[in-house]
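K.L.:
Provide a 3D model corresponding to the input given below.
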Amino acid sequence: MAETDRTKYLRLALLVVGLIFVVGIYPLTIIWPSGWSWHTGHSDYLQMILGIYATLGVFLLVASRNPLANLSLIWFTVWSSVVHAGIMAAQSVTNPEHMGHLWGDVLALLVVAAVLALLTPRGAAAKPAQ
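P.N.:
Next up is the predicted model:
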């Protein structure tokens with residue numbers, strides 16, 4: 001894939017992921033709670049994690065304008081998603097009531113990490129044009 005195409009798709013991926021992080025996660029906790037919400041009823045944890053992901057989503061939307069100037073944010077998103085998914089996967093496996101998360105938020109975070117990692121330029125291609 002040509003670097004210009006790769007950057008174009010990275011911009012699109014950042015835009016989509018940013019929008020989902022800002023406005024999509026909360027509806028998923030309502031539609032499919034066993035795959036997206038770790039607590040039933042009111043949850044301070046859910047409000048906290050939604051706030052964190054909405055904030056990250058806003059920054060990803062901004063980064064979509066110029067991905068090469070925001071590589072550290074993109075790589076933070078990749079690796080924090082992998083770590084978060086790994087922790088949730090371990091918790092899901094050890095607590096059978098949370099197995100739905102393996103097909104919900106765990107899988108989604110791994111997809112986000114994979115897509116962003118595959119599309120993010122490395123080496124000389126990662127240097128912004130002067």
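K.L.:
Mind listing residues that contact stretch 88-103?
P.N.:
W32, S34, G35, W36, W38, D105, V106, L109 (C-beta atoms under 8 Å, 6 or more residues apart in numbering). For every residue, glycine as well, the C-beta is placed using N, CA and C.
K.L.:
Tell me the span between the first and last residue of that stretch.
P.N.:
This stretch, stretch 88-103, spans 11 Å end to end (C-alpha to C-alpha, to the nearest Å).
K.L.:
Would you mark the buried spots in it?
P.N.:
Within stretch 88-103, the residues that qualify as buried by neighbour count (16 or more other C-beta atoms under 10 Å) are M88, A89, S92, H98, G100, H101.
K.L.:
Save the contacts of stretch 88-103 as a markdown table, and put in distance to I74 too.
P.N.:
What follows is those, written out as a markdown table (distance: C-beta to C-beta, whole Å):
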| residue | distance to I74 |
| --- | --- |
| W32 | 27 |
| S34 | 30 |
| G35 | 26 |
| W36 | 24 |
| W38 | 26 |
| D105 | 20 |
| V106 | 21 |
| L109 | 15 |
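K.L.:
quick one: which two of those are the most distant?
P.N.:
Looking at the contacts of stretch 88-103 by C-beta to C-beta, the two members farthest from one another are S34 and L109, with 16.4 Å of separation.
K.L.:
still on that earlier bit, just the closest of the contacts of stretch 88-103 to H84, please.
P.N.:
L109 (5.7 Å).
K.L.:
The nearest residue to N70 once chain neighbours are set aside and I74: what is the separation?
P.N.:
Excluding the flanking residues, the one nearest N70 by C-beta to C-beta, 6 or more residues apart in numbering is A63, at 3.6 Å. According to C-beta to C-beta, to the nearest Å, A63 and I74 sit 6 Å apart.
K.L.:
Next: A2.
P.N.:
Taking C-beta to C-beta, one finds A2 at 19 Å from I74.
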